[in-house]
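Undergrad: Would you be able to build a 3D model of this:
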Amino acid sequence: MHIEHHELHREFPEYVDLMNVLRTSDSYFCQLFNEYHNLTDQVEHLEEEDVPVYDFTIEEMKKKRAKLKDKMYKMLIAHQSGLAN
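TA: Residues are numbered from 1 along each chain as shown. I've put the predicted structure just below:
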């Protein structure tokens with residue numbers, strides 16, 4: 001089975017530097033970042049090891065991951081545009 005990797009540096013290569021800054025300066029962004037990566041690790045482990053789990057479970061994990069990514073993307077755009085607090 002081919003496993004897609006969803007590291008944020010691959011998802012948003014143009015924001016790598018800003019992500020590094022926000023991880024150290026914004027505790028909420030850091031929390032989202034860590035939660036995203038933990039969830040990604042769990043999903044990839046389940047897929048790689050072909051662990052028996054309901055499809056619904058993995059799909060819900062992927063939906064949550066997408067929501068986290070959307071939140072972080074909005075924060076990155078806001079910071080880049082100077083609209084962040």
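Undergrad: Moving C-terminal from the host helix or strand of residue 34, which element do we reach first?
TA: Secondary structure from DSSP states H and E places residue 34 in helix 27-48. Going down the chain from helix 27-48, the next helix or strand is helix 55-81, by DSSP H and E.
Undergrad: for the residue lying farthest from the centre of the chain, phi and psi?
TA: Most distant residue from the mean C-alpha position of the chain: residue 52, 23.7 Å away (C-alpha atoms, centre = their mean). Per-residue torsions, residue 52: phi -70, psi 110 (degrees, to the nearest 10).
Undergrad: Just give me the residue right at the centre of this structure.
TA: The geometric centre of the chain, computed from its C-alpha atoms, lies nearest to residue 36 (C-alpha atoms, centre = their mean), at 3.6 Å.
Undergrad: That one is in contact with residue 73, isn't it?
TA: No. If you go by C-beta atoms under 8 Å, residue 36 and residue 73 don't touch, sitting 10.8 Å apart. C-betas here are computed from N, CA, C, even on glycine.
Undergrad: Quick one: distance of the worst-scoring helix or strand of the chain on mean pLDDT to the chain centre.
TA: Least confident helix or strand, the chain: helix 8-11 with a mean of 86, by mean pLDDT, DSSP states H and E. Between the centre of helix 8-11 and the centre of its chain there are 8 Å (C-alpha atoms, centre = their mean, to the nearest Å).
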